[in-house]
Each structure stands twice: as C-alpha cells, then as structure tokens.
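J.: how would this look folded up:
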Amino acid sequence: MQLRTLGALLRKELVMILHNPLIPRMIVALPVMALLVVPLVATFDVKNVEVAVVDDDHSQLSRRIVADLDASPELVVTALPPTHAEAIQLVEQGRADVVLSIPLHFERNLSEIDVEANGVNATKGMLGMQYVVSSVGSTLRNVAREQGRDVAADDASVIYRFNPTLNFRHYMVPALMVFLVIMICGFLPALNLVSEKETGTIEAMNVTPVSRTVFVLSKLIPFWVTGLIVVTVGIIIGSTVYGVVPAGSLGGIYLATVLLSLVMSGLGVTIANKSATMLQTIFVMFAFIIIFQLMGGLLTPIGSMPEWAQCLTYAIPPRFFNEIMRAIYLKGAGFGELRSQFLWLTVYAILAVTCAAVTYKKRSGG
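T.: Sure thing, here's the model as predicted:
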C-alpha cells in the first residue's frame, strides 16, 4: 500500500516538474552551460606575464637572458627601463607583473639577480616570478654547457603525478560537477516544497493519511535521479569536449553522487520545512552553499587551512564528495582507498534524510 502511494506521489511530482517552466531548463541547461563555458574561462593557468628588465650589465649574457625570457610562452618582455625606479613605476601602473634586475658585471662574476613580483594578483605574481627564475636558470645552464663548464647537478627532477601537464581543466571539471550537484539537488527540492506551501496545495496533503516518510521520499527521489543526470551530462561533456575521462570506476562516481544527492536534498527539504516563504529558503540555502564551497575544498585546498578549520571541514559533506571525484578522476582510486569518504557521506545522508522526515509536520493524519 505504501509503495503504491509512493508511486502515485512520484508521478504527481514528475508532472509538476515537467510543467514547471524553470526546473527542467535548470536541470539540463545549467550543467551544459557551466561545463561548456566555465572550464574555458575560469583557470589558474598563468600566461602573458609582463616582465620589465633592468639591464645594468649590457653584456652578451644579459641580452641572451632577455631574449630567452621573451621567447618563453608564458612571459613577455614589455619594457627595458634604464633604472629600477622606472621599472617599479611600470608595476604601479599595471604595465608589468615582474621586475628582473641584472646587476653590473653580472657576466663576469655571475652575482645574484633580483626578481620582484607584483603581489596585487598573488597567483600571477608568484607563478610569474617562478617562470622568470626558471627561465634565467635555464639560460645560465645552457651557456655553461656551451662553454664546456660543469653544470651544477642540484636541480630536482619534477614530475607531476596524475596531471602531468598541470591542465587546470582536469581539476575544474570534477569540481564543477560537485558544485552542480550541490546547487541543483539542494535548491530545487527546497524551492519545490516551499512553493507548495505558498500556493496552499500542501494543505491537501496534510489532511491525507499519507505518512511523513512517504511524502518526504516523494519529494526527494526525483532529485536523486536529477543528481545522476547532472553527473552523467558532466561526464559526457568532460570526455567529449575536454578529453577529461575518469581514470577510475564510474560506479564509484555514481554511488558518491547518490549519497551527496541524499545529503543536499535532505538539507533542502529540512530548510523548506522550517521556512514560511521562498525568500527565507533561498537565503538559508545560500548561506549553507557558500560555506560548503569555501570550506569543502572546491576553491581552497583543505591542507592550506588552519588546523582548527581543517577539523571543521569534517562537518562539510561536499568535502568528501570532492575528494572522491578528484581521486577517481585523476588517480583512478577504488572504493577500498576511499571507504572513509564513502562512510562519512553515508552517515550524513542518513542524518539529512532523517531530519527531512522528522521536521515535516502534518496537521492531521499520519
């Protein structure tokens, strides 16, 4: 009897979703647009770093250093100011990101050179400075080899495991899928339920013998399926457009998606149960989503946070989904290696669904 009731309610929810002018478009259009556009524009890759070189040496070596800098795909020598003060002025005007100062008699004694970076854009300044130092070091090693001198062998061999080219899209595509599941599976069930409150249609349900568990499940299940659709769209676009293919099992990705969908939809319904208007629901959901994004490892590495903040991230369910997605996509990790993350997600899924059922109050009946 309960299964038949649940089936009838699910058919009703499906009809409501299909006739809603916004929800079907969000389910399809938002993932497609986000995955097609965001990886192209949102990147931490740094190119066209503008370098101002103060060449006090004017030697053949210093000219070669400048030429090699300008030939680098990431660097552009935009100015050769005669003084350091003029170079700093270029930085202040936004016309240079890094200043390289080559001292007098540098070719004769290979004294230290000064590299200064514009710290307003910390990422570009830091990486730009590293590019400049690397380019100068490469030039000096090449010159030493050409002159038959010994080259210092203290350079480390750097290998980037799991993402050899440091392609930011391999990092961004899984993160976008995490973001989309959080948004769609969190917001849509909450807005769907609170809209019924505002229109008064939920009052008819309150006087029926339908139990709270069946009613809440009828609100949650469609959006669990939606989460799977969103991730499937992400996998297809990631592989066909960007060549980003999961190195591990698709089963692990879908299992983690189901668990996070449970968490977010349960949270959304809980908030809607406690809200009287759609505006209240939006503000509360938005507050949770901001916290999830900032502390879930999507934007900031958890290992870079203070220790107290790292402890707090264990209360952020998307943290574990994010770790699962990146581990499966980049490392090809299996369930055994990620059992801790799956266990945490399972616990939060049970808590979220239980809270959604408990906080739904019927005025009469079951």
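J.: ok, now which ones touch residue 288?
T.: Residues in contact with residue 288, defined by C-beta atoms under 8 Å, 6 or more residues apart in numbering, are 186, 267, 271. Bear in mind the C-beta positions are built from the backbone N, C-alpha and C, glycine included.
J.: which residues in the stretch 101-250 of the chain form helices?
T.: 106-109, 122-146, 168-199, 202-206, 212-241, 250-273 (DSSP state H, counting those that start in this stretch).
J.: helices and strands around the second one, which ones?
T.: Meaning helix 122-146. Applying 3 or more C-beta pairs under 8 Å, 6 or more residues apart in numbering; DSSP states H and E, one finds that helix 122-146 contacts strand 49-55, helix 60-71, strand 75-79, strand 98-102, strand 114-117.
J.: hmm, 6 Å instead?
T.: Contacts defined by 3 or more C-beta pairs under 6 Å, 6 or more residues apart in numbering; DSSP states H and E place helix 122-146 against helix 60-71, strand 98-102, strand 114-117.
J.: Return the helix or strand in this structure with minimum mean pLDDT.
T.: The weakest-scoring helix or strand in the chain, judged by mean pLDDT, DSSP states H and E, is helix 202-206 (a mean of 69).
J.: gap between stretch 330-337 and the chain center?
T.: Offset of stretch 330-337 from its chain centre (C-alpha atoms, centre = their mean, to the nearest Å): 19 Å.
J.: Equivalent analysis for stretch 180-198, please.
T.: 22 Å.
J.: For residue 282, the count of nearby residues, please.
T.: Residue 282 has 16 neighbours, counted by other C-beta atoms under 10 Å.
J.: Helix, strand, or coil at it?
T.: helix (DSSP: H, G, I helix; E, B strand; the rest coil).
J.: what's the pLDDT at it?
T.: pLDDT recorded at residue 282 is 89.
J.: Out of the helices of the stretch 101-250 of the chain, the one nearest residue 292 is which?
T.: helix 168-199 (5.8 Å; C-beta to C-beta).
J.: would TSV of the helices and strands packed on helix 122-146 with mean neighbour count, mean pLDDT and distance to residue 47 be doable?
T.: Shown next, in TSV, are the helices and strands packed on helix 122-146 (neighbours: other C-beta atoms under 10 Å; pLDDT from 0 to 100; distance: least, C-beta to C-beta, whole Å):
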stretch	mean neighbour count	mean pLDDT	distance to residue 47
helix 60-71	16	92	14
strand 98-102	23	92	13
strand 114-117	17	88	16
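J.: Sweet, I'm off.
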